[in-house]
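[1] this one's sequence-less:
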């Protein structure tokens, strides 16, 4: 089940960047949930390419169609299949790279693993697949809203320009989803500079969930933080994941890092919302670090499928900073994890089971 | 299956720190593997507490017993159950914390989730559970050895003392598993200083795998790097995980971060051994960041199970730097992931399937 | 993952009888397999309604479209999504049963479980969903062909008319997939008599696999026979499953039932192809018993969703004997199980793993 | 995960008949359940060999020990590990069959699959492994009792002696778990006759569950009846499974087989408690058919591991009718399935999810 994610709320995705469609089957959505198609489309629109200077110029409408699982506007408890037909595939852009391995891409490893690959735009390994995740994540967010959980995201870092405060309302409106208006221009500049140099640049997103009930996460091997880490590291180009204090916690003393508890809640927030892999009720903070887009317009040494050393010179249209649109994907994945965990958590106490069936 | 890890090679663990035993059932080990009990015990001995100044003074022999799955020294293809009976439980140490939530521990979340908890030493959430992982990981390493994969680990950072070079042979002999002899003393000092101040300190481990065949990892939702991230973040006290360039990649340009390919291999090593979630054949580098042990001997404000604000004052014996022994656990988890992926990978090409059944 | 079947070769299906489409995502197909679309369509055509007197008059072209996972005629190792758009939905046929529970159908249980249901033609519980299984099973058969495994099926019983010999070549041509030409007419008569009486009739299929390698099946909880039983009992209207001697084995003595072994193979065939849940290399025989179609054109007492006793009078078009088309589904499910087991079996010996990675 | 059963309540078993122990890890038991060890032991005692003339003379105390997951008499939500140490292994009984394949046993298939086998008493394929299932099933029954579900079993058929009525209270006291006192003697006679002839005999059990809430079962691929079929067919020696009318339904007309609904419940009971794979609230009836024990004391032709034709002459102690003790295993497996389904079912409606988290 290598293309399925989740245990109780399960997303299976399919599709290649230059095939007929990408899509997903979302299984386990509780019945009776109002499925707001406009809300799903709105999430896809956030991830959609071609919207401004800071993303690839490729224009794809990314129109989602629901094929099943919804009846008279509500989920029925059966799988919700959603499909996004591909409309703007310029396969010819890829003719010159058909037989070579683009550095930093999955071309080499897919070829070695499978002995065949759809070379057009990365095929299955293309970030285009993440559109399906965003559609599924949008449904997860509809479900989470019913229990008061809100998931948000934004960019806190591009290159060395790093946010000092996190304004998610601002991020939602920003062309680069910048969390901090004070550094937004510096971040935009960094993107434009990279783009103009035919280069790309790395970046990082913060995903925050509020209203998370205490108790989500299944120890020992389906912990909330562990599954979030899997979800994030599995996003194209992600190389680092932190929960709460993250990497920095390795430099701290216990007396600095422990969050004392008071009647008004935790006195500090180093843990980032989990204790022992279970949500603590505190704000959940996940930081996700994206490498620079490997597709750049500078010549790079590489190999072709015959083992010859060749030069890779890319054409086409690419995101100069994959973190920007990636933040929307990270938010969607976090929503899927939380919704899955919320469902798995039901029945953890025998008194809950008794009450459920006593009605 | 929240206590089972892996898809094809599956480890299920059980046990509490102060119950009768901790243990695991390892399912999916190929038949015919020579099971070297001494090698398994040797791994447990590396993780074992009470060996020197830098770990808890608690002495536990951690003697592993194999209950099943091995016949005449070889695996039979049936589940290998291993158990480590607890022998040095001082439950009375925990009398004074029976009703309160130790800051930074899972006490609060377990209580909220389950409404009951084994308060003795953390119960299931204790790092003692990781002994079972190390036993299972040792078997995974026996299997990996058969295909030329080697997994090693060591400490590269404690507090601000950070390794500049990685000497795994040295780490294996070092009392603190230090990778860099040049900073080992500084790292030891940091631990002792924290200990003497009744405090604790964070640290970080590097896990490295060499000889990994190209092609391990199942895209899109069982990618090698994603599952490694899950495995690492799921270890007690881990707050950050990096693959290759990690967090730093967010600051780089594509032209700096891309690894060009040549006939002699990758020209640089930013990726850390995976491309598109699949092993590239290059050295696999995972960095794992541990928070400082939450158990410190300074009074901390907290709540009890009745909601009262109380002061937590710990007794007992604790690791001043959980990263040290944690590095052995991280190595074991990485071995389990790689062995699982190696088995899952078989049959990815129809020609392999055909050849397998043609014999 | 209640809509996913299989562990290594995983089929996820979606869709309702009167929604936009039914379909499946087949994950885990080895890369490089020639995907013969005509062969897939041919299997769907066998299951397709409206072909003759013995099936529902409902005409549906059941045209399969492949959305992903195939490139230049070969599988790429990525998920193969297949969709069959619904074209002949007469939802108005169902207006009069909108609020009542058809006896013998899943109407009542879906309503109670989910509190909402797509009442048009049974929605998700419709046998129409099985078209997706047949499409996936067709791909499984393409894979099995590569390793010399053949899966066939036919009807051996309708009402009391029971086959005495099994001619699968005949079954393939027969309008009712009859295995025994000698009883075919009696079986057809039984169907027509039931149909003319506005009634329906039960029946039973035999699924046979030949060329199955020894060793398929994962003891103890993914045994070949157990998973086949799950696969069969999960088909709409199935109420009984037998492997080999089946129900009759309860009447036998050990000396009658044991299959002795000789150099030329098993001396008898009571076991039906499995021993200890693992394929023995002998012909695999599965018998599948279908209840009569619950949709009949006689008034039946039932309840409506408000709890009132009402009379159910069906209109529309229904199969008089669901076993007939059901046999094609049973064959597809058996193929999926065998293909899954063949992939799972790879790596069961360490010497196999060693050889695989030594290349 | 071939040695794990269940999705939300997961049983992993381990152990061989002549190894150190058999046991299980039961994961997913809701916290706070009173764990009555005597009740668990009582279930094991029902399955225990050596109790009377109708079972093997082998005496094993089958004393269960709980290693984890229970604190102060209650489940904690963590895995419950249970172990039964082997005490009466007479490995020497097996010396003469070390190199040959007992007909009707898994010796051949294990050897072919794994290339190694623990030949002592069947090793992992021994019915001894089912002790672990009975222990886990006993815990499932404790959980089911909390929601008013009762699972019972008994023998309805041995050879041709078949029960006409089902008295589960009688079965519980009967030495052969006979459901019908009127045929009990005939059934006992059949067993003794087979035993005295150095032969064995088949039999069949009925498992019945009452109080099952409407709505258990996860369509389409984790249906209640399908998973029950898997659970039953996976028990050693089972060759046929029926739900409700079972095999006989193939001979019926729709008008005979449909269960009409009234305000007082279903007017008849052909379905056997499921509709569309979901529990209907009606009594759940599962029939399980066991082949005769393959171990008989008559010479049988077979092969040895070198491919030579040899004669198999068994010594040792064996059940003359494996169905008898098998019925206890079937009951345990049914309880596990129902408990798993009860937990999975929670959260099937968004209003349930909302209510759960609104507290």
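    That came through, no problem. Bear in mind the structure is a predicted one, so any value in this text is a computation, not a measurement.
[2] can you name the residue of the stretch 101-250 of chain A nearest chain B?
    Taking CB to the nearest CB, chain B has its nearest neighbour within the stretch 101-250 of chain A at residue A:106, 2.3 Å off. In short, each C-beta sits where N, CA and C put it, glycine included.
[3] near chain C, which residues of the stretch 51-200 of chain A are found?
    Taking CB under 8 Å from any CB of the partner chain as the contact definition, the stretch 51-200 of chain A meets chain C at A:65-69, A:71, A:74, A:76-81, A:83, A:110, A:113-118, A:123-124.
[4] neighbours around the residue of the stretch 101-250 of chain A closest to chain B, how many?
    27 (other CB atoms under 10 Å in any protein chain shown).
[5] tell me who's in contact with it.
    A:122, A:125, B:219, B:275, B:276, B:277, B:278 (CB atoms under 8 Å, 6 or more residues apart in numbering or on different chains).
[6] before we move on, the earlier item: filter the residues of the stretch 51-200 of chain A next to chain C to keep only those in contact with chain B.
    Checking those against chain B (CB under 8 Å from any CB), the matches are A:110, A:113, A:114, A:115, A:124.
[7] in CSV: the residues you listed, plus pLDDT, secondary structure and neighbour count.
    Shown next, in CSV, are these (pLDDT from 0 to 100; DSSP: H, G, I helix; E, B strand; the rest coil; neighbours: other CB atoms under 10 Å in any protein chain shown):
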residue, pLDDT, secondary structure, neighbour count
A:110, 97, helix, 28
A:113, 97, helix, 25
A:114, 97, helix, 23
A:115, 96, coil, 19
A:124, 95, helix, 29
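[8] near chain D, from these?
    Counting by CB under 8 Å from any CB, no member of these reaches chain D.
[9] show me the two of the residues you listed that sit farthest apart.
    The span of these, defined through CB to CB, is set by A:115 and A:124 at 14.4 Å.
[10] gap between the residue of the stretch 101-250 of chain A closest to chain B and residue D:317?
    59 Å (CB to CB, to the nearest Å).
[11] go on, residue A:174?
    78 Å.
[12] the more surrounded of these two?
    Counting neighbours by other CB under 10 Å for residue A:174 and for residue D:317 shows that residue A:174 has the greater number, 20 against 16.
[13] if I read this right, the more buried one contacts residue A:187, doesn't it?
    No. The criterion here is CB atoms under 8 Å, and residue A:174 misses it with residue A:187 at 9.1 Å.
[14] list residues touching both of the two?
    By CB under 8 Å, 6+ apart, the residues touching both residue A:174 and residue A:187 are residue A:155.
[15] quick one: the strands in the stretch 51-200 of chain A, in order.
    A:64-66, A:70-71, A:74-75, A:80-85, A:150-158, A:161-162 (DSSP state E, counting those that start in this stretch).
[16] okay, those in JSON lines with mean pLDDT and mean neighbour count next?
    Output for the strands of the stretch 51-200 of chain A, formatted as JSON lines (pLDDT from 0 to 100; neighbours: other CB atoms under 10 Å in any protein chain shown):
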{"stretch": "strand A:64-66", "mean pLDDT": "97", "mean neighbour count": "18"}
{"stretch": "strand A:70-71", "mean pLDDT": "96", "mean neighbour count": "22"}
{"stretch": "strand A:74-75", "mean pLDDT": "98", "mean neighbour count": "21"}
{"stretch": "strand A:80-85", "mean pLDDT": "98", "mean neighbour count": "25"}
{"stretch": "strand A:150-158", "mean pLDDT": "98", "mean neighbour count": "25"}
{"stretch": "strand A:161-162", "mean pLDDT": "98", "mean neighbour count": "20"}
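[17] closest to chain D out of the ones you listed?
    It is, among these and with distance given as CB to the nearest CB, strand A:74-75, at 7.4 Å.
[18] is chain D contacted by that closest one?
    Yes. Counting by CB under 8 Å from any CB, chain D has neighbours in strand A:74-75: residue A:75.
[19] closest to chain D among the contacts of residue A:106?
    residue B:219 (21.0 Å).
[20] show me the contacts for the closest residue in space to the closest one that isn't next to it in sequence.
    Distances taken as CB to CB, 6 or more residues apart in numbering or on different chains place residue B:277 nearest to residue B:219, at 5.1 Å, with adjacent residues excluded. Residues in contact with residue B:277 (CB under 8 Å, 6+ apart) are A:106, A:234, B:217, B:218, B:219, B:220, B:223, B:224, B:225, B:226.
[21] between those, which is nearest chain D?
    Distances from chain D to these, taken by CB to the nearest CB, are shortest for residue B:218, at 15.4 Å.
[22] what's near enough to touch the spatially closest residue to that closest one that is not a sequence neighbour?
    With sequence-adjacent residues excluded and distances taken as CB to CB, 6+ apart, residue B:218 is closest to residue A:2, at 3.3 Å. If you count contacts by CB under 8 Å, 6+ apart, residue A:2 has them with B:218, B:219, B:220, B:221, B:222, B:344, C:27, C:28.
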